[in-house]
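Peer 1: structure for this input, please:
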Amino acid sequence: MVFDNQTNSEDLDPLGLMANDRITRGLLKVNKGKVINAANVRNNITLA
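Peer 2: The predicted structure is shown next:
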């Protein structure tokens, strides 16, 4: 999952990475889904 900074403020760039990490860790804790690497998804779509 990628969160793009659309604020035009470079100071906020790290927030997307932090949000990604927090959401991913939360999903892993509840064991309600499988977390997969976005790059793998993109590669598989390209190969399809």
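
Peer 1: pull the distance from the longest helix belonging to the chain to the chain's centre.
Peer 2: The single longest helix within the chain, with elements called by DSSP state H, is helix 13-30. Distance of helix 13-30 from its chain centroid, counting by C-alpha atoms, centre = their mean, to the nearest Å, is 7 Å.

Peer 1: how far away from the center of its chain is the next helix or strand along the chain from that helix?
Peer 2: The first helix or strand that comes after helix 13-30 along the chain, using DSSP states H and E, is helix 38-47. Computed by C-alpha atoms, centre = their mean, the chain-centroid distance of helix 38-47 equals 14 Å.

Peer 1: picking that back up, what about the longest helix of the chain, average pLDDT?
Peer 2: Helix 13-30 carries an average pLDDT of 86.

Peer 1: just the CA atoms of that helix, as PDB, please.
Peer 2: C-alpha atoms of helix 13-30 as PDB (Å, rounded to 0.1, in the frame of the first residue of the first chain):
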ATOM      1  CA  ASP A  13       6.900  12.700   3.200                       C
ATOM      2  CA  PRO A  14       7.600  10.300   6.100                       C
ATOM      3  CA  LEU A  15       4.000  10.100   7.100                       C
ATOM      4  CA  GLY A  16       3.100   7.900   4.200                       C
ATOM      5  CA  LEU A  17       5.700   5.300   5.200                       C
ATOM      6  CA  MET A  18       4.600   5.600   8.800                       C
ATOM      7  CA  ALA A  19       0.900   5.100   7.900                       C
ATOM      8  CA  ASN A  20       1.800   2.100   5.700                       C
ATOM      9  CA  ASP A  21       3.800   0.500   8.500                       C
ATOM     10  CA  ARG A  22       1.100   1.100  11.100                       C
ATOM     11  CA  ILE A  23      -1.700  -0.300   9.000                       C
ATOM     12  CA  THR A  24       0.400  -3.400   7.900                       C
ATOM     13  CA  ARG A  25       1.300  -4.100  11.600                       C
ATOM     14  CA  GLY A  26      -2.400  -3.800  12.600                       C
ATOM     15  CA  LEU A  27      -3.500  -6.200   9.900                       C
ATOM     16  CA  LEU A  28      -0.900  -8.700  10.900                       C
ATOM     17  CA  LYS A  29      -2.000  -8.600  14.500                       C
ATOM     18  CA  VAL A  30      -5.700  -9.300  13.900                       C
END
